[in-house]
Every structure is written in structure tokens, then in C-alpha cells.
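Visitor: Sequence and predicted model, in that order:
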Amino acid sequence: MKGKKVYFLSDVHLGSAFHKKNVDKFQEMTLPSTRAYNSVTPLHDIERKLCRWFDMVKKDASEIYLLGDIFDYWFEYRDVVPRGFVRFLGKVAEITDMGIPVHFFIGNHDIWVTDYLQKECGMTVHLQPLVRDINGKKFFLAHGDGLGDENLSFKILRKIFHSKICRIAYAAIHPRWTVGFAHWWSNHNRENDEMPPYFGENKEHLVVFAKKHLQMAPNINFFIFGHRHIMLDLALTASGRVVILGDWINYFSYGVFDGENFSLEIFDESSQS
């Protein structure tokens, strides 16, 4: 890994209406030289910003991990994929064509993938958490939904979302109904405080999960999660840490591992000019 880094990103929620509500913030954080091109919609603004992040990290990336909810909604039919996201998908294909592995973990908003992202974009898709050795350090990687959360209604809902039978039935409904319903569901949950602030070390589900998992696998050095939309880097033991990556709705945050040290960063375009 000499001179190379591993990058981690989650919860971009491409296509979310909540990006529209933050258009002024996006414009303030966009380079003046690129603002003339940001005239279509705020949804294109966030996608362009993500592509500029990829342009930054591809210079020294050995691998890139996308840890779920990159799309606010993604559902692949056998021969059809959702409209849009061509900038992002094209940029990922460019990155993988360069020989840089890009890993895509399903989240709770983009569960329903088949083989399009693999065949057309070259990504490696992960349907389950992954334990990976990176330069001698053990990483537990996952989006984070369903880990440590014992809420019964959430577990039932998650089981429905992951059901193959329900997916087949859902695919039989015309997209003009399913797409609108999915975006309504997402916006409704977020407006109703779906992602509250940090609960604290003893109540945060992903922290509790990491602590329990360390008892069985004490050699894990880093638990890297998304899902919760908070930025957290917490030491659990002398050699074990849990990291929650934040998001691209409020923070434009990401994680980076240089072979020895891990840090949470904010994508600040002004520092790239």
C-alpha cells in the first residue's frame, strides 16, 4: 500500500428530495469555476460533487468501499434499471477501468440489486457484511442496518424488504407507482426524524453490536459503518475502533485509511483548488 490509500463512503442518497432543500449549502461549497455547470437541478449538483470526489481519490486509491445507501432508491428489473445517475455510474466505470476496485454494499435504500452494477460498472457487490484484511489490519465492513437493532417493527420491515417473494411481487407493479411510492416513503421517514442524533455509547446500536462482536473476534481493528448519518470515531479497546461515516446530505464526509491510520474527513473542494 506504499503511497496508496483506501477510501470509504456511505449514505450519499442520490435522488433524494432532501438534497433540494440544501441547494444553497451545495452552491456555497461548490468551486466558483464549476457553478456555471450546476444549473440543472440540485440532484445533479450532488452527483457532480460526488464525481469530483472520485476524481480526487482516484489519484492515490488502492480500493474504494461504498458502504450502502449510495442511491436513495434503486430497484433493478431484469432488463431495466432506474432512470438517472449517469454521471455517477460513468465515473465508477472509469475508476474500475483504471484497475481500482470499487466495492458496493447494499443499504436499506438500495437493497434490490442484481448484476447491472457488476457487469456494466465493474463494481463488486456485497450483500452481507465483510471482514477484510487491509495492510495487516482487520476491517469489519457493513452498511449497518439490522446490526444491533432489536426493534421488532424494524426487523419485520427489513425481512419484508429482503424477501425474494416480496421482490418478485413488487417487480410486477408498474414503475410509475413503485418509484413514486419509494421516494415518498424515504422522504416521509426522514421528515419524521428517521435518523436521530447520537444516542450515546451505551445506546447506539452499532456501537453495542461492535462491542459484542469484539468479544467473539477480538482481532477486529476497525468496524466501519454507514446508515446512521452521524460522524463517529470511537475507541472501544486499545486496538479496536468503531467508525460511522456520516453522510452526503449534511456533512460530505468520508473515511480514509493510509495503511497505518484511519481518519474521518470532510470533502472540502476549496482545499482542492
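Guide: Received it, and whenever you're ready, just let me know what you need.

Visitor: Give me the local confidence score for residue 2.
Guide: If you check residue 2, the pLDDT there is 77.

Visitor: ok so it is a strand residue?
Guide: No - if the criterion is DSSP: H, G, I helix; E, B strand; the rest coil, then residue 2 is coil and not within a strand.

Visitor: list the contacts for it?
Guide: residue 259 (C-beta atoms under 8 Å, 6 or more residues apart in numbering). (Glycine included, C-beta is placed from N, CA and C.)

Visitor: all numbers from here: first residue = 53
Guide: In the new numbering, first residue 53, that becomes residue 54.

Visitor: which stretches of the protein aren't confidently modelled?
Guide: Scanning the chain with the threshold set as pLDDT under 70 gives 53, 70-95, 204-206, 214, 232-247, 323-325.

Visitor: check contacts around the residue nearest to residue 249 when sequence neighbours are not counted.
Guide: Excluding the flanking residues, the one nearest residue 249 by C-beta to C-beta, 6 or more residues apart in numbering is residue 282, at 6.9 Å. Counting by C-beta under 8 Å, 6+ apart, residue 282 makes contact with 247, 249, 250, 296, 298.

Visitor: Drop anything exposed from those.
Guide: 296, 298 (16 or more other C-beta atoms under 10 Å).

Visitor: contacts for stretch 153-163?
Guide: The contact list for stretch 153-163, computed with C-beta under 8 Å, 6+ apart, reads 62-63, 65, 115-126, 144, 147-148, 165, 169, 173-179, 182, 193-195, 197-198, 210, 213-214, 238, 278-279.

Visitor: Keeping just the C-alphas, turn that stretch into CSV.
Guide: The C-alpha coordinates for stretch 153-163 follow below in CSV (Å, rounded to 0.1, in the frame of the first residue of the first chain):
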residue,chain,number,x,y,z
PRO,A,153,-11.6,-2.0,-7.2
VAL,A,154,-14.8,-0.4,-6.2
HIS,A,155,-16.9,-2.3,-3.6
PHE,A,156,-20.7,-1.7,-3.4
PHE,A,157,-22.5,-2.7,-0.2
ILE,A,158,-26.3,-2.8,-0.3
GLY,A,159,-28.0,-0.5,2.2
ASN,A,160,-31.6,-0.3,3.3
HIS,A,161,-32.4,2.1,0.4
ASP,A,162,-30.6,0.2,-2.4
ILE,A,163,-31.2,-3.4,-1.5
